[in-house]
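1. Below: sequence and its predicted model.
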Amino acid sequence: MYSHDSLMVVQNDWYWQVSIGRIFNPLYVKLRGQILAPMNVALFACLFLIFSVFFVIQILHLKKTVSIVLCCGFLTTFETITFVNAGFLQSMDLDMLALLFSVIAAWFFTEKKSIWGYIAGILSVTLMLGLFQSYIEVTIMLICLSLLRDVLDGGDAKKLFLKGLRCVALLILGGILYYICLKAALHITGVVATENSTNGLVKMKTLTVAKVFSLAKDAWEYTLKYVFIDSMIFHKTISKWVYRLLGLISFSGIIWISWKKQLKIGAASLLLFLLLVMPLGGNIVYVLSLGFKHSLMNYSFVFFSLLFVLVFDQLAADNRFLNIACRVVPLLCAVLLLNHVLFANQWYIRTDLYSRAGMSVMTRLVSDMEEIEGYEVGKTPVLILGHIDDNPASFWNDAYEIASDFLVGTSHHHAVSYYQTYKWYFENILGYSANLVPLKDAASYLDDPRCLSMPIYPAQGGIQIIDGVMVIRLSEDLRPENFRWS
């Protein structure tokens, strides 16, 4: 389904990708092919995801068959994957490749005790950061879960603490190598790191100690709120109570295992530290990006579900309470998985219907444009003011709004979203030549009295030619801060 960013169809935004630090994306796209072919993307994405699941199972040392099934289910149905498919199809295989490198890095750091393994892990971190930086959170979460598992298995607390420090050092080395590669890529291409994108890295330069502590607190709270209070997925009330019940059972299970194995104070302290640091580690990019949130940056939250699975896998049904817990946990996890599947299919239908609505609207718009005297197809500059979602003729079905309001790129009600997507839709979907006014010149029309006095399309006069430019007014609100064209 071509929508939002994927309307680009031909992925030739190489300089943009380099400017936001995704320096290896152009290389991968060159190998895969620039034309966004859904079947090709799906094939590679599934392949990368399968290998990612395999390595996660190896890292967690899952023994029970049901645990492995639940692990596979959570990793493949989490809502982030749904959002990528619905609005960012061009990134699906890229994101899954970043996921694979993040998982491989954690596997080398935690499972392989050799210099070559550590080097391979560092290289994996570098590659992952050059594809999609937020997947560093997946590596952090897996390291935490691996250490937590080792503590529950009775591992030496001091050795595990040193292992954790080693993993942190290796992550930092991977980050340093990525930074060197980034600087080299910027120098070779002549691209300047973007300063006006919330996805960029430039904002990190403004971090201060005070900001770090404040953002760390917000990130920690945001993660717990997302998982246990304000889940985005379908049947929110059911989901949050299932998560809370699983959290309670898992915490009780950790206490039980700790008591049964008579963990020393050092091991218990390390266990508590890991549980407390996971909400921050799973959302560390929130801190590094100065509080930016995006629907594609939450995949690491799925590892809280894997925490439940890990504790369940460690429990032995050797008394009545544990016997009940071992039966209840898979059922509760199955409820969440079913919820994910129900949500995904409804969201895909929603996106498909809105895409069809977009086809109808844009086709009628082209027809009305050609009725305007003086308009020459492909020659007359075309300016679109406002947003189609705010158009009086656009119908919003509240029943379709089954997720949180904060879903960047997937919350719109037509295939088009920001300004550039109109050009892509004209050219790539309709095959129509439209000479869209460049974004840098379009803003100058926002204060033009003639544009402000125009009726709103499809009313008569909603399309006019002003100073040789065809102006189409789609909505009432033209204020720059509310003008969604990027």
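-> Happy to help now that I have it.
2. hey, let's count contacts and neighbours off CA atoms from now on
-> OK.
3. Name the residues that touch the strand or helix carrying residue 214?
-> Using DSSP states H and E, residue 214 sits in helix 209-228. Applying CA atoms under 8 Å, 6 or more residues apart in numbering, the external contacts of helix 209-228 come out as 231-232, 240-241, 243-244, 279-280, 282-284, 286-287, 290-291, 301, 304.
4. Now with 10 Å, please.
-> 207-208, 229-232, 236, 239-245, 247, 276-293, 298, 300-302, 304-305 (CA atoms under 10 Å, 6 or more residues apart in numbering).
5. List only those of those residues flagged as buried.
-> For those, burial is judged from neighbour counts taken by 16 or more other CA atoms under 10 Å, and it is met by 229-232, 236, 239-240, 242-243, 245, 247, 278-291, 293, 298, 300-302, 304-305.
6. Show me how far the helix holding residue 214 is from its chain's centre.
-> 18 Å (CA atoms, centre = their mean, to the nearest Å).
7. Tell me which helix or strand comes right after that helix.
-> Sequence-wise, the next helix or strand downstream of helix 209-228 (DSSP H and E) is helix 236-260.
8. tell me the mean pLDDT for that following helix?
-> Averaged over helix 236-260, pLDDT sits at 90.
9. what inclination does it have with respect to helix 209-228?
-> Helix 236-260 and helix 209-228 are oriented at 100 degrees to each other (axes from the mean of the first three to the mean of the last three CA atoms, to 10 degrees).
10. What helices and strands are in contact with the next helix or strand after helix 236-260?
-> Going down the chain from helix 236-260, the next helix or strand is helix 265-281, by DSSP H and E. Judged by 3 or more CA pairs under 10 Å, 6 or more residues apart in numbering; DSSP states H and E, helix 265-281 is in contact with helix 136-152, helix 157-189, helix 209-228, helix 236-260, helix 284-288, helix 302-314.
11. Who are the packing partners of the shortest one?
-> In this structure, helix 284-288 packs against helix 136-152, helix 209-228, helix 265-281, with contacts taken as 3+ CA pairs under 10 Å, 6+ apart.
12. sorry, back to before: can I get the helix holding residue 214 in CSV, CA atoms only?
-> The C-alpha coordinates for helix 209-228 follow below in CSV (Å, rounded to 0.1, in the frame of the first residue of the first chain):
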residue,chain,number,x,y,z
VAL,A,209,23.8,17.4,32.0
ALA,A,210,20.6,19.0,33.3
LYS,A,211,18.8,18.1,30.0
VAL,A,212,20.1,14.5,30.1
PHE,A,213,18.7,13.9,33.6
SER,A,214,15.4,15.6,32.8
LEU,A,215,15.0,13.6,29.5
ALA,A,216,16.1,10.4,31.2
LYS,A,217,13.3,10.8,33.7
ASP,A,218,10.8,11.5,30.9
ALA,A,219,12.0,8.6,28.8
TRP,A,220,11.7,6.2,31.8
GLU,A,221,8.2,7.3,32.5
TYR,A,222,7.1,7.3,28.8
THR,A,223,8.2,3.7,28.4
LEU,A,224,6.3,2.5,31.4
LYS,A,225,3.3,4.5,30.4
TYR,A,226,3.3,3.1,26.9
VAL,A,227,3.5,-0.5,28.1
PHE,A,228,1.4,-0.5,31.2
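13. buried ones in that helix?
-> If you call a residue buried by 16+ other CA under 10 Å, then helix 209-228 has these buried ones: 215-216, 218-220, 222-224, 227-228.
14. how about TSV for these, with pLDDT added?
-> Formatted as TSV, the buried residues of helix 209-228 follow (pLDDT from 0 to 100):
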residue	pLDDT
215	93
216	94
218	94
219	94
220	95
222	92
223	93
224	92
227	88
228	88
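15. By residue count, which helix of the chain is the longest?
-> helix 320-370 (DSSP state H).
16. Next secondary structure element downstream of it?
-> strand 381-385.
17. Show residues contacting that next one.
-> 369, 375, 419, 422-423, 434-439, 441-443, 445-446, 451-452, 456, 463-466, 468-478, 483-485.
18. what angle separates that strand from helix 320-370?
-> Using the same axes, to 10 degrees: strand 381-385 against helix 320-370 is 140 degrees.
19. residues contacting the closest residue to residue 274 other than its chain neighbours?
-> Residue nearest to residue 274 in three dimensions, not counting chain neighbours: residue 144, with 6.1 Å by CA to CA, 6 or more residues apart in numbering. Counting by CA under 10 Å, 6+ apart, residue 144 touches 106, 110, 138, 150, 164, 167, 271, 273-275, 277-278, 281-282, 307.
20. ok, so of those residues, who is nearest residue 35?
-> In terms of CA to CA, no member of the contacts of residue 144 lies closer to residue 35 than residue 138, at 29.0 Å.
21. Report the separation between the residue nearest to the spatial centre of the chain and residue 101.
-> Averaging the C-alpha coordinates of the chain gives a centre point, and the residue nearest to it by CA atoms, centre = their mean is residue 296 (1.0 Å). Counting by CA to CA, to the nearest Å, the gap from residue 296 to residue 101 is 17 Å.
22. And for residue 369?
-> To residue 101, residue 369 is 48 Å away according to CA to CA.
23. rewinding a little: restrict the contacts of strand 381-385 to the buried ones and give me that as a PyMOL selection.
-> Here is the PyMOL command that picks out the buried ones among those, judged by 16+ other CA under 10 Å:
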select buried, resi 369+375+419+422+423+434+435+436+437+443+446+451+452+456+463+464+465+469+470+471+472+473+474+475+476+477+478+483+484+485
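24. Narrow the contacts of strand 381-385 to those in helices?
-> 369, 419, 422-423, 439, 441-442, 451-452.
25. which among these gets closest to residue 11?
-> residue 423 (14.4 Å).
26. lowest average confidence, helix or strand, in the protein?
-> helix 439-442 (a mean of 80; mean pLDDT, DSSP states H and E).
27. Past the helix or strand harbouring residue 46, which element shows up next along the chain?
-> Secondary structure assigned from DSSP H and E places residue 46 in helix 38-60. Using DSSP H and E, the helix or strand that follows helix 38-60 in sequence is helix 65-77.
28. How far off centre is that following helix?
-> Mean C-alpha position of helix 65-77 versus that of the full chain (CA atoms, centre = their mean) differs by 20 Å.
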